[in-house]
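Undergrad: Coordinates only, no sequence provided:
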C-alpha cells in the first residue's frame, strides 16, 4: 500500500508470453497490493507464464473480446477486489513499470485523480522507436481532439493509465466500445464528469513484441477517435445525448 491506498495493477494481455515476465519483474511490489491478468483468448502461452509467475488473479476470455472488452474485465475485477487505485500496464513491456511509484503517488496524495504516462512529453516516443508516421498521426489527432474536447493533453493515445477508484465508479465505462477507441471514450467520460488528468513523461520501447495495430486498423482508429471527440462536443452543446455520458 501507499498512503493506506490499495493499489492494483491490471494487465490486459493478448499474446504477451514473450514479454509478460519482464514486465512483471519490474513491478514495485513494495507499493502494489495485487495483480490482475486478463488474457483475451491468446494463442500463445500467456496464461501459463502468468500462472508460473504466481499471479493470483488470472482471468481468461473464451473468445477474444477486443482491447476495450479486455479493459472492462480488468476494471470490473479491480473494483470488485476493493482497489483504491488501479493502474493499467500493458504486459508487452512498451511502458516501464517503474513509473508506478510516481503515478500512485499523484493519486494517493490527492493531487489528481487520473494520471497518464505520456510518450510525447520529453520526446520519448521517437527515442523509443515509435514509427514516424505513427508519431505524426498521434500529434495530428491529439491537436484536433484538444480543440474539440477543450483540453490540453499531450496525447490521448497512451495505454499507460492510473485511476482513483472513485473515477471508475463514476463513469459508465461498460457502455463503451470493445475496440481500441475505448481508451478515448474513457478520457471523454473523465472530462465530462469534471475530473482532471495529470500527465507524466513516459519513456517507451517499440520492438517486434510490442502490441500495435496495422495501417488499416490505424486509419479506422483515427477516424473513430475523432468521431468520439466530435460526439463529446455535440453532447456538451446539448445537441445530442450520448448514453456513455
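TA: Structure received. Keep in mind that what you see is a predicted model, and the values were worked out from it rather than measured. Numbering: from 1, shown residues only.
Undergrad: Residue 15: neighbouring residues, count only.
TA: For residue 15, the count of nearby residues is 19 (other CB atoms under 10 Å). Where you see a C-beta, it was placed from the backbone N, CA and C, and this is true even at glycine.
Undergrad: Isn't it up against residue 45?
TA: No: using CB atoms under 8 Å, residue 15 makes no contact with residue 45, being 9.3 Å away.
Undergrad: and the residue nearest to residue 89 when sequence neighbours are not counted, helix, strand or coil?
TA: Excluding its sequence neighbours, the residue lying closest to residue 89 (CB to CB, 6 or more residues apart in numbering) is residue 9, at 5.4 Å. Here residue 9 is strand, with the state taken from DSSP: H, G, I helix; E, B strand; the rest coil.
Undergrad: How far off centre is the helix or strand harbouring residue 36?
TA: Residue 36 is part of strand 34-39, with elements assigned from DSSP states H and E. Chain-centre distance of strand 34-39: 14 Å, with CA atoms, centre = their mean, to the nearest Å.
Undergrad: Next one, pLDDT for residue 96 please.
TA: Confidence at residue 96, expressed as pLDDT, is 95.
Undergrad: Neighbours of it, how many?
TA: Considering only other CB under 10 Å, residue 96 is surrounded by 17 other residues.
Undergrad: isn't it right up against residue 202?
TA: Yes: using CB under 8 Å, residue 96 makes contact with residue 202 at a distance of 7.1 Å.
Undergrad: ranges for the helices of the protein?
TA: Along the chain, counting by DSSP state H, helices occupy 20-25, 46-52, 66-80, 100-108, 124-127, 132-149, 165-170, 182-192, 215-236.
Undergrad: what's the lowest-mean-pLDDT helix or strand in the chain packed up against?
TA: Across the helices and strands of the chain, mean pLDDT, DSSP states H and E gives its lowest value to helix 124-127, namely a mean of 76. On a contact count with 3 or more CB pairs under 8 Å, 6 or more residues apart in numbering; DSSP states H and E, helix 124-127 meets helix 132-149.
Undergrad: Output the below-cut-off pLDDT ranges for this protein.
TA: The model of the chain has pLDDT under 70 over residues 124, 207-215.
Undergrad: For the most centrally placed residue in it, list the residues it contacts.
TA: Against the mean C-alpha coordinate of the chain, by CA atoms, centre = their mean, the closest residue is residue 159 at 3.5 Å. Under the criterion of CB atoms under 8 Å, 6 or more residues apart in numbering, the neighbours of residue 159 are 88, 90, 94-95, 183.
Undergrad: Distance of it relative to residue 45?
TA: 22 Å (CB to CB, to the nearest Å).
Undergrad: What of residue 241?
TA: 46 Å.
Undergrad: related to what we said a few turns ago, quick check, nearest of the contacts of residue 159 to residue 78?
TA: Nearest to residue 78 among the contacts of residue 159: residue 88, at 9.3 Å, using CB to CB.
Undergrad: thinking that closest one is in contact with residue 161, fair?
TA: Yes: with contact defined as CB under 8 Å, residue 88 and residue 161 form a contacting pair (4.9 Å).
Undergrad: thinking again about what came up before, how far does the least confident helix or strand of the chain sit from the chain's center?
TA: How far helix 124-127 lies from its chain's middle: 18 Å, per CA atoms, centre = their mean.
Undergrad: got a list of contacts for it?
TA: Contacts for helix 124-127 (CB under 8 Å, 6+ apart): 118-119, 132, 135, 138, 201-204.
Undergrad: Quick check: the farthest pair among the residues you listed?
TA: Maximum distance among the contacts of helix 124-127 (CB to CB): 20.0 Å, for 132 and 201.
Undergrad: Please identify which of the two sits among more neighbours.
TA: Neighbours were counted for residue 132 and for residue 201 using other CB under 10 Å; residue 201 has more, 15 against 9.
Undergrad: wait, doesn't the more buried one sit right on residue 116?
TA: No: contact criterion CB under 8 Å: residue 201 and residue 116 do not qualify, at 10.7 Å.
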